[in-house]
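Participant: Here's a sequence, model it:
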Amino acid sequence: MTLRGKETVIGFVGTGVMGKSMASHFLKAGYPVVVYTRTRAKAEELLAAGAVWKEHVSEVAQASDVIITMVGYPSDVEEVYLGAEGIVANAKPGAYLIDMTTSKPSLAKTIYEAAKERGLHALDAPVSGGDIGAREARLTIMVGGDQEAFDAVEPLLKVMGTNVVLQGGPGAGQHTKMCNQIAIATNMIGVCEAIAYAKKAGLDPTRVLDSIAAGAAGSWSLSNLAPRMIAGNFAPGFYIKHFIKDMGIALEAAKEMGLLTPGLELSKSLYDELAANGLEDNGTQALIKWFEK
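Facilitator: Coordinates of the predicted model:
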């Protein structure tokens, strides 16, 4: 299949916190967009902007040249792609399938092989940048798959992100996202400890951020999530429950490779405790609550 510029039909499955913003950029860029998500209310803004609703994943697959998915868990990815009514069984010959969910590298490889058998092009392309990056089309997109397929869809990926890199073959995108999540996991502990320390020392934590965020301690989490922590804003840019899922995937993959990740294990244990106390639908910045309890 040769993609037809702005006539390329984009199918989008999953229009939650991230997916809604990501899909909206295609509408703004003038592409026809069809959507499906389990809770139709989450797609209403897109429908009002011109997206077309489909009643099932299979209908999105049948109508689209490129199908992009942004769902919750590996089990959702497996159902959406490999189920009898899923994307692989129903996509047009030659279609491009792009899973942007953070999922298992092994599952990405399975989807790639199943797609290849049907003449489809599958890429795993998880993202980083949170709700802000999705809203502002500044996502980092980590891609695994064939060079030819990547070259075909790279202009589409750049509709959503500014840092788009092919990391290697099938599963490489997901492995790269695990590196990203491992780095964030321990960084979040440091951010929270710094804020807790500042408060205990009688400092104004916002003023402290003005100094340290611009120096060697600077990070995306320090600049974007620490202010939310200080303000008591725990609305999800990225859900705790989804971060726990990601850390679990990373721990499993690390164990398979014989790699010790003590920082990751500690971070997951703290988030698990928050989830056990009913905070799984808070944003990841709610980790500060553990330090202030």
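Participant: make it CA atoms for all contacts and neighbour counts henceforth
Facilitator: Fine.
Participant: quick one: the strands in the stretch 51-200 of the chain?
Facilitator: 52-53, 66-69, 96-99, 121-124, 127-128, 139-144, 161-168 (DSSP state E, counting those that start in this stretch).
Participant: Pick the most buried one from those.
Facilitator: With neighbours defined as mean count of other Cα atoms under 10 Å, these peak in mean count at strand 121-124, which reaches a mean of 30.
Participant: Quick one, which of the strands of the stretch 51-200 of the chain gets closest to His242.
Facilitator: With Cα to Cα as the measure, strand 127-128 is the member of these nearest His242 (13.0 Å).
Participant: And the closest one, how far out from the chain middle?
Facilitator: Taking the mean of its C-alpha atoms, strand 127-128 sits 5 Å from the chain's own mean (Cα atoms, centre = their mean, to the nearest Å).
Participant: Please name every helix or strand in contact with that strand.
Facilitator: Contact here means 3 or more Cα pairs under 8 Å, 6 or more residues apart in numbering; DSSP states H and E; on that basis strand 127-128 packs against strand 139-144, helix 172-200.
Participant: Mind putting the strands of the stretch 51-200 of the chain into JSON lines with distance to Ile230 and mean pLDDT?
Facilitator: Below are the strands of the stretch 51-200 of the chain laid out as JSON lines (distance: least, Cα to Cα, whole Å; pLDDT from 0 to 100):
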{"stretch": "strand 52-53", "distance to Ile230": "40", "mean pLDDT": "98"}
{"stretch": "strand 66-69", "distance to Ile230": "33", "mean pLDDT": "98"}
{"stretch": "strand 96-99", "distance to Ile230": "34", "mean pLDDT": "98"}
{"stretch": "strand 121-124", "distance to Ile230": "35", "mean pLDDT": "98"}
{"stretch": "strand 127-128", "distance to Ile230": "23", "mean pLDDT": "95"}
{"stretch": "strand 139-144", "distance to Ile230": "25", "mean pLDDT": "98"}
{"stretch": "strand 161-168", "distance to Ile230": "28", "mean pLDDT": "98"}
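Participant: As JSON lines, the ones you listed with distance to Leu225 would be great.
Facilitator: Converted to JSON lines, the strands of the stretch 51-200 of the chain look like this (distance: least, Cα to Cα, whole Å):
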{"stretch": "strand 52-53", "distance to Leu225": "34"}
{"stretch": "strand 66-69", "distance to Leu225": "26"}
{"stretch": "strand 96-99", "distance to Leu225": "26"}
{"stretch": "strand 121-124", "distance to Leu225": "27"}
{"stretch": "strand 127-128", "distance to Leu225": "14"}
{"stretch": "strand 139-144", "distance to Leu225": "16"}
{"stretch": "strand 161-168", "distance to Leu225": "20"}
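Participant: still on that earlier bit, most neighbours per residue, which of the helices and strands packed on strand 127-128?
Facilitator: Using mean count of other Cα under 10 Å, strand 139-144 ranks as the most buried of these, with a mean of 27.
Participant: thinking again about what came up before, could you dump the helices and strands packed on strand 127-128 into CSV with distance to Lys92 added?
Facilitator: Shown next, in CSV, are those (distance: least, Cα to Cα, whole Å):
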stretch, distance to Lys92
strand 139-144, 21
helix 172-200, 24
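Participant: For Ser106, find the nearest of these.
Facilitator: Nearest of the helices and strands packed on strand 127-128 to Ser106, taken as Cα to Cα: helix 172-200 at 8.9 Å.
Participant: So which residues make contact with stretch 146-165?
Facilitator: Outside stretch 146-165, the residues that touch it by Cα atoms under 8 Å, 6 or more residues apart in numbering are 3, 22, 25-26, 29, 96, 121-123, 133-134, 137-143, 166, 168-170.
Participant: buried residues in that stretch?
Facilitator: Of all the residues in stretch 146-165, those buried under the rule 16 or more other Cα atoms under 10 Å are 146, 149-150, 153, 156-161, 164-165.
Participant: Repeat that for stretch 251-258.
Facilitator: Result for stretch 251-258 [16+ other Cα under 10 Å]: buried residues 251, 253.
Participant: Alright, calling it a day.
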